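Asks: everything below, folded, please.
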Amino acid sequence: MIKTLIDFPDYSHANPWQIKTIETCAPFDILRTLDFSLSTCTFFHISWEDCLLHNCKTYQEGLKRVEQVEKILKAQAKISKIAWTLHNENSHSKIDKNCELQLREVIMEHASIIFLMSAKHLFKIPVKYKHKVKILPHYIEENPLKKVDKLRDPCFLKFGANRGDKFSSLYENILNNDLIFKFVSDVNVNKEILNYSNTIIKRRFTIHELNLYSRFANFSLFLRKSNFNSGIMNFLIGNYIAVYHDAESVKFMDIPEVLKKFQINNIDLKFEFYHDDIINTKEYKKEIENFIMERSPLKVSTAFWNSVLSC
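Replies: Numbers count the residues shown, from 1 in each chain. As a prediction, the model looks like this:
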């Protein structure tokens, strides 16, 4: 049989995690799919499992779906190895949380390997399944425009979906400060601006815009409800940007030690953003550089396949 890996669900149109983590070092064919069904393959990989419950309007519908999933996984485990990656503490979607717990229990029962992005997420795995766990951090990719110089300090960057963002007054203070360069993608802004030093738009940045503006910027905010991982945070780290945050926002994340210098304990609207003296030190750059290198797509994908092939 030709070796293959089925990767479910296919969210690659909006999230490059699948491609970077799995396909970078894939030793054989990968089939990404939105079809959850019994498949002839060598490995069956599951991410964002909550999608299996999206159309269930009641607990009874969710429970029935879990039973259907269990039947498929039980049969799938007889013909292939099953791997599961836990992305979020709980689904971002409105699904029955009891059904979500039961769905995860079923997946863990039949999985040969469970990937977590940090050891801080181990509390979500029951003791009887902990022997299946491998830690696989979220990748961080270098910016292809990394030779572009930063603008003068301070220069602010904001993009991405709202995930329970907090302290909106501090954000508004930045938007209204004419002494701060700003590159902002936010559907909720009242006024759009487009020029060399200030770009504030309601649409999403294109990937080229994001790569360019992140090279200009030297600080951002990450003040939100806690999540297990964040592509935004990893992107900011990968661009050597000072990320002002509170302890709650990053409590489940692995971040470079130096970023703790930018932790805000008491939010003050008159807070002033001085960080060039830290960012430009050799110690800071070396620590961030090492953190990024350990999470390159090549290293993360190699670790993924080493674990899968040996399970």
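Asks: state the pLDDT value of Asn143.
Replies: As predicted, Asn143 sits at a pLDDT of 90.
Asks: mind checking how far it is from Asp50?
Replies: Distance, Asn143 to Asp50, using CB to CB, to the nearest Å: 31 Å. Any C-beta I mention is one placed from the backbone N, CA and C, and that applies to glycine too.
Asks: between the two, who's got more neighbours?
Replies: Ranked by neighbour count (other CB atoms under 10 Å), Asn143 and Asp50 place Asp50 first, with 20 against 16.
Asks: for the top helix by length along the chain, what is the distance to the chain centroid?
Replies: Taking DSSP state H as the criterion, the chain has its longest helix at helix 59-76. Relative to its chain's centre, helix 59-76 lies at 27 Å (CA atoms, centre = their mean, to the nearest Å).
Asks: stretch 24-42: which residues count as buried?
Replies: Using 16 or more other CB atoms under 10 Å as the test for burial, stretch 24-42 gives 24-26, 30, 32, 36, 39, 41-42.
Asks: that stretch - what's its average pLDDT?
Replies: The average pLDDT for stretch 24-42 rounds to 95.
Asks: also stretch 119-133?
Replies: Rounded mean pLDDT across stretch 119-133 is 97.
Asks: next, the distance between the ends of that stretch.
Replies: 9 Å (CA to CA, to the nearest Å).
Asks: give the buried residues for it.
Replies: In stretch 119-133, counting by 16+ other CB under 10 Å, buried: 121, 124-125, 129, 132-133.
Asks: which residues does it contact?
Replies: With contact meaning CB atoms under 8 Å, 6 or more residues apart in numbering, stretch 119-133 is reached by 86, 89, 104-105, 108-109, 111-116, 135, 228, 251-254.
Asks: and the strands in the stretch 1-150 of the chain?
Replies: Assigned by DSSP state E, counting those that start in this stretch, the stretch 1-150 of the chain shows strands spanning 4-8, 29-32, 43-46, 81-85, 113-116, 133-135.
Asks: skip ahead from the helix or strand bottoming out on mean pLDDT in the chain and say which helix or strand is next.
Replies: Here the helix or strand of the chain ranked lowest by mean pLDDT, DSSP states H and E is helix 276-279, holding a mean of 54. The helix or strand immediately downstream of helix 276-279 is helix 282-293, counting by DSSP states H and E.
Asks: buried residues, that next one. List them.
Replies: 284, 288, 291-292.
Asks: from Met117, how far out is Val300?
Replies: Val300 sits 10 Å away from Met117, going by CB to CB.
Asks: which neighbours do the two have in common?
Replies: In contact with both Val300 and Met117: 136-138, using CB under 8 Å, 6+ apart.
Asks: CA atoms of stretch 285-298 as PDB?
Replies: Extracted C-alpha coordinates of stretch 285-298, given in PDB (Å, rounded to 0.1, in the frame of the first residue of the first chain):
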ATOM      1  CA  LYS A 285      18.100  39.600  19.700                       C
ATOM      2  CA  LYS A 286      20.000  36.400  20.400                       C
ATOM      3  CA  GLU A 287      17.300  35.000  22.700                       C
ATOM      4  CA  ILE A 288      14.600  35.700  20.200                       C
ATOM      5  CA  GLU A 289      16.700  34.300  17.400                       C
ATOM      6  CA  ASN A 290      17.200  31.000  19.200                       C
ATOM      7  CA  PHE A 291      13.500  30.900  20.100                       C
ATOM      8  CA  ILE A 292      12.600  31.300  16.400                       C
ATOM      9  CA  MET A 293      15.200  28.800  15.200                       C
ATOM     10  CA  GLU A 294      13.800  26.100  17.500                       C
ATOM     11  CA  ARG A 295      10.400  26.700  16.000                       C
ATOM     12  CA  SER A 296      11.300  26.900  12.300                       C
ATOM     13  CA  PRO A 297       8.800  25.000  10.000                       C
ATOM     14  CA  LEU A 298      11.700  22.600   9.200                       C
END
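Asks: residues making contact with that stretch?
Replies: The contact list for stretch 285-298 (CB under 8 Å, 6+ apart) reads 20-21, 24-25, 137-142, 234, 237-238, 240, 256-258, 279, 299.
Asks: swap the cut-off to 7 Å and go again
Replies: Defining contact as CB atoms under 7 Å, 6 or more residues apart in numbering, one finds that stretch 285-298 is touched by 20, 24-25, 137-142, 237-238, 240, 256-258.
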